[in-house]
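Peer 1: No letters, just coordinates:
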């Protein structure tokens, strides 16, 4: 940008990545930008002079946004974007060309903050890849159905069936609650990347939630959700998983919903099978 802030996106065999440790970039956002740049149509030419480049902020040393595309085995292509003459319109120029055109584009689609490009769904596990959930040995859940392929949102074509493998309590496993938990894991999005060093102030020795997800197609993933309490209403949550080396912050509603859904009383219910059967009989209409 005009202040020399910049982001470099690199295509690798595993997808688009960001600078430094190579954190995954949001593929949808990158592809959206590439589609916009590819589809840029020639617009009205408003000027061709060198002095106009400064006025419309599309000069090599005076611009609002410069985007450099590096094709394989070819010279880079540089695009300069400057002032806006109207909603979703912007003055643009291709390097080494004189024409300054008005095109349909917004610099907000090309942010220069690394965090704006993070793939915030990198922690997600599709529901049909979740074969079991172990709550620190206290409660173990195992999937018993044949999972069908998941769609983009992590939902399966059929209804998953679960059973407990170590609970001695006379309770009924709540299938809907387990399904809700797996769906939350399939759609989990973090708020910020907190870095690779353990963030201060969080009680990692006593996490508010700890469990391990057994995957059908890969190694298990351990989850630890810790809480940091500051001033009133400033409670924050951080998540560490064994699948990533980074720590992540979670939005308060996301974290609290995950904790609430994973509560033992929600997963096992409050009634035993006999109690549930008795309640159903008592509520049944005698005329039926």
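Peer 2: Cool, got the structure. Computed from a predicted structure; not experimentally measured.

Peer 1: For this structure, which segments are assigned as helices?
Peer 2: Along the chain, the segments classed as helices by DSSP state H run 27-38, 50-55, 175-186, 252-261, 264-268, 273-283.

Peer 1: List the contacts of the second one.
Peer 2: The set of residues that contact helix 50-55 without belonging to it, under C-beta atoms under 8 Å, 6 or more residues apart in numbering, is 46-47, 59-60, 62, 80, 93, 100. Where C-beta positions appear, they are placed from N, C-alpha and C, glycine not excepted.

Peer 1: Recalculate using a threshold of 10 Å.
Peer 2: Contact with helix 50-55 is made by 46-47, 49, 58-63, 80, 82-83, 91, 93, 98, 100, as judged by C-beta atoms under 10 Å, 6 or more residues apart in numbering.

Peer 1: deepest of the helices of the chain, which one?
Peer 2: Comparing those by mean neighbour count (mean count of other C-beta atoms under 10 Å), helix 175-186 ranks first with a mean of 19.

Peer 1: can you give me the angle it makes with helix 252-261?
Peer 2: Between helix 175-186 and helix 252-261, the angle comes out at 140 degrees (axes from the mean of the first three to the mean of the last three C-alpha atoms, to 10 degrees).

Peer 1: picking that back up, restricted to buried residues, select the contacts of helix 50-55 in ChimeraX.
Peer 2: To isolate the buried ones among those in ChimeraX, judged by 16 or more other C-beta atoms under 10 Å, type:
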select :47,58,59,63,80,82,91,93,100
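
Peer 1: Give me the mean pLDDT for stretch 95-107.
Peer 2: Mean pLDDT, stretch 95-107: 95.

Peer 1: how about that stretch: buried residues?
Peer 2: Across stretch 95-107, burial judged by 16+ other C-beta under 10 Å covers 100-103, 105, 107.

Peer 1: ok so, going back, can you say which of the helices of the chain is nearest to residue 218?
Peer 2: Of all the helices of the chain, the one in closest proximity to residue 218, counting by C-beta to C-beta, is helix 175-186 (13.8 Å).

Peer 1: Show me what that closest one packs onto, helices and strands only.
Peer 2: Contact here means 3 or more C-beta pairs under 10 Å, 6 or more residues apart in numbering; DSSP states H and E; on that basis helix 175-186 packs against strand 130-135, strand 139-143, strand 162-164, strand 209-215, helix 252-261, helix 264-268.

Peer 1: Which one of these lies nearest to residue 243?
Peer 2: Nearest of these (C-beta to C-beta): strand 209-215, 9.3 Å.

Peer 1: Looking at the helices and strands packed on helix 175-186, spot the one closest to residue 241.
Peer 2: Smallest distance to residue 241 across these (C-beta to C-beta): 8.9 Å, for strand 209-215.

Peer 1: and that closest one, what does it pack onto?
Peer 2: Contact partners of strand 209-215 among helices and strands, from 3+ C-beta pairs under 10 Å, 6+ apart: strand 130-135, strand 139-143, helix 175-186, strand 221-228, strand 236-241, helix 252-261.
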